[in-house]
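Visitor: What follows is a predicted structure for the sequence shown.
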Amino acid sequence: MDNGKQFKKIMLLAVKIAVGSSTAICIAQELHLEYAISAGTITLLTLLATKWETVKLSVFRLVTFAVSVLTAWIVFARIDSLWFAYGIFIFIVVLLSEMMGWRTTISVNSVIGAHLLISHDFSADSIRNEFFLVIIGVSIAFLLNLFHDNHHRENAMIADMRQTEEQLQMIMRGLADELYREISEEKSIEEKSIEEKSLKEALDGINRTEKALDGRNNINRLEEVLRGFLKDAYEFQDNTFYSHPGYYIDYFEMRQGQCRILHELFEEIKKIRSMPKQAGDIADYMRYLADYVVEKNEPSRQMDALAELFKRMEKEELPKTRSEFEARAVLYHVLMQLDEFLDYKFRFVKGLDDRQRKKYWNSGA
């Protein structure tokens with residue numbers, strides 16, 4: 001995520017927490033509730049969650065409120081020591097919350113327990129006071145978390161998808177160019193004298209090392225960027241009530257898998273010491289395939305073309321030397337990885353339901 005997007009998210013969160021907390025305190029004061037400032041704290045703690053988490057968290061906090069009050073009454077009425085009573089109370093609250101998977105409710109329940117420990121008042125008015133503090137806090141947080149710039153965030157994710165596709169295309173073409181270069185370099189070396197060959201091989205070794213570093217760095221950067229894009233997709237899913245936000249998660253997970261394949265392809269191509277002529281056909285295919293690394297493409301044609309390439313290679317004359325055999329074996333492995341690269345997209349497309357196809361593939365989005 002770039003710095004501008006990150007700063008905007010932080011600013012929005014800060015504004016929501018400031019407005020929500022102060023509003024909750026104001027309402028609590030107008031209702032003449034004791035510990036009114038705690039309503040602001042409850043709002044703050046709830047606003048740190050996403051939209052869906054806020055809904056679940058609000059329900060959990062209301063459910064565990066009764067448990068916390070009952071625990072406080074049992075413990076505080078029987079233990080005089082302030083610190084020991086609170087320790088026992090927190091122990092029970094944490095234990096029950098963890099067992100039920102409601103860890104996020106501990107903070108608010110500890111605040112309620114602190115109030116009851118100080119007042120030692122378990123009257124109906126006191127319990128009502130605490131209940132209203134919780135209601136105000138979670139209600140304000142819930143209302144504010146309904147406001148998310150989801151349209152802007154969705155457009156940003158679409159831009160991230162286009163950026164991902166451009167980077168994958170660039171890397172795929174770069175791998176194809178590397179195969180082309182290796183073939184042309186081998187031909188030129190064969191035509192030179194022994195001294196020229198030695199010098200040429202030394203210089204090419206340096207160039208290959210530099211290109212390898214560039215290629216590896218490009219793939220590593222894309223993998224890092226994709227982790228950020230996937231995190232944004234999960235946040236978008238948790239902050240929207242759409243029925244199918246998981247499309248973006250599935251998309252970036254698919255691209256992550258393809259990026260890993262390109263990493264493996266890069267390492268395989270580096271292993272080839274003597275480049276066979278068949279590498280040219282594979283390079284041609286990779287340049288052809290790069291044009292179809294786009295969102296709205298069902299890869300059946302590309303898979304058929306790859307199957308034809310497999311058949312052509314099977315009809316080629318068998319390798320005569322060990323180095324030729326090793327190089328041919330690596331090329332077959334490259335083809336298998338390209339097949340896996342396409343399979344990631346095929347499974348992604350196959351997993352789309354009718355509503356997703358209509359929204360994401362049949363529209364101009």
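Guide: Happy to help now that I have it.
Visitor: Secondary structure element for the closest residue to Arg287 other than its chain neighbours, which one?
Guide: Residue nearest to Arg287 in three dimensions, not counting chain neighbours: Ala176, with 4.6 Å by CB to CB, 6 or more residues apart in numbering. From N, CA and C alone the C-beta is placed, and that goes for glycine too. Following DSSP states H and E, one finds Ala176 within helix 150-190.
Visitor: chain center to that helix, what's the gap?
Guide: With CA atoms, centre = their mean, to the nearest Å as the basis, helix 150-190 stands 21 Å off its chain's centre.
Visitor: next one: stretch 294-313
Guide: 28 Å.
Visitor: which outside residues touch it?
Guide: The contact list for stretch 294-313, computed with CB atoms under 8 Å, 6 or more residues apart in numbering, reads 161, 165, 251, 278, 281-282, 285, 288-289, 292, 331-332, 335, 338-339, 342, 345-346, 349, 360-361.
Visitor: Out of the residues you listed, which sit inside helices?
Guide: The members of the contacts of stretch 294-313 that map onto helices under DSSP state H are 161, 165, 251, 278, 281-282, 285, 288-289, 331-332, 335, 338-339, 342, 345-346, 349.
Visitor: From those, list the buried ones, please.
Guide: Buried members of the ones in helices among the contacts of stretch 294-313, scored by 16 or more other CB atoms under 10 Å, are 161, 165, 251, 278, 281-282, 285, 289, 331, 335, 338-339, 342, 345-346, 349.
Visitor: Next, count neighbours for the residue nearest to Trp102 when sequence neighbours are not counted.
Guide: Spatially, and ignoring its direct neighbours in sequence, Trp102 is nearest to Phe60 (4.8 Å; CB to CB, 6+ apart). By the criterion of other CB atoms under 10 Å, Phe60 has 20 neighbours.
Visitor: now Phe60, what's its secondary structure?
Guide: Three-state assignment for Phe60 (DSSP: H, G, I helix; E, B strand; the rest coil): helix.
Visitor: likewise Glu316?
Guide: coil.
Visitor: pLDDT at it, what is it?
Guide: The model reports Glu316 with a pLDDT of 76.
Visitor: Quickly note the distance from Glu98 to Thr240.
Guide: 29 Å (CB to CB, to the nearest Å).
Visitor: more neighbours, those two?
Guide: The residue with more neighbours, out of Glu98 and Thr240, is Thr240; 17 against 11, by other CB under 10 Å.
Visitor: tell me the SS of that one?
Guide: The local conformation at Thr240, judged by three-state DSSP, is coil.
Visitor: coming back round to it: the residue nearest to Trp102: what's it in contact with?
Guide: Trp102, Thr104, Thr105.
Visitor: Could I get the average pLDDT for stretch 353-365?
Guide: Per-residue pLDDT values over stretch 353-365 give a mean of 72.
Visitor: Could you pull out the strands in the chain for me?
Guide: For the chain, applying DSSP state E gives no strands.
Visitor: Just give me the residue right at the centre of it.
Guide: Leu230 (2.2 Å; CA atoms, centre = their mean).
Visitor: Contacts only, for it.
Guide: So, once contact is read as CB under 8 Å, 6+ apart, Leu230 ends up touching Ile249, Phe252, Glu253, Gln256.
Visitor: From start to finish, how long is stretch 117-130 in a straight line?
Guide: End-to-end distance for stretch 117-130: 12 Å, by CA to CA, to the nearest Å.
Visitor: Show me which residues of it are buried.
Guide: Leu117, Ser126, Ile127, Asn129, Glu130.
Visitor: Mind pulling the model confidence for the third one?
Guide: Among the per-residue scores, Ile127 holds a pLDDT of 94.
Visitor: OK, contacts around it?
Guide: The neighbours of Ile127, taking CB under 8 Å, 6+ apart as the test, are Val69.
Visitor: and it, how far is that from Leu70?
Guide: Distance from Ile127 to Leu70, by CB to CB: 10 Å.
Visitor: so how far is Met172 from Ile112?
Guide: Distance of Ile112 to Met172, given as CB to CB: 58 Å.
Visitor: more crowded one of those two?
Guide: Shown here are Ile112 and Met172; by other CB under 10 Å, Ile112 has more neighbours (26 against 23).
Visitor: if I read this right, the more buried one contacts Val67, doesn't it?
Guide: No - using CB atoms under 8 Å, Ile112 is not in contact with Val67; the gap is 10.5 Å.
Visitor: Where does pLDDT dip in this protein?
Guide: Counting by pLDDT under 70, the chain contains low-confidence ranges at 1-4, 49-54, 148-151, 182-215, 239, 241-245, 273-274, 319, 363-365.
Visitor: at 80 instead, please
Guide: For the chain, the stretches with pLDDT under 80 are 1-6, 8-9, 48-59, 104, 145-153, 180-216, 237-245, 271-277, 316-327, 358-365.
Visitor: the helices in it, which residues?
Guide: Here the chain has its helices, by DSSP H, at 3-30, 37-47, 51-76, 82-100, 106-119, 124-144, 150-190, 194-238, 246-271, 278-290, 300-314, 322-350, 354-356.
Visitor: and the fifth one, what does it pack onto?
Guide: Under the contact criterion of 3 or more CB pairs under 8 Å, 6 or more residues apart in numbering; DSSP states H and E, helix 106-119 touches helix 37-47, helix 51-76, helix 82-100, helix 124-144.
Visitor: how about that helix: buried residues?
Guide: Buried residues in helix 106-119, counted by 16+ other CB under 10 Å: Ile106, Ser107, Val108, Asn109, Val111, Ile112, Gly113, Ala114, His115, Leu116, Leu117.
Visitor: List the contacts of the last one.
Guide: The neighbourhood of Leu117, defined by CB under 8 Å, 6+ apart, consists of Ala72, Phe76, Leu82, Ala85, Tyr86, Phe89.
Visitor: The third one now?
Guide: The contact partners of Val108, by CB under 8 Å, 6+ apart, come to Ile42, Leu45, Thr46, Arg61, Val134, Gly137.
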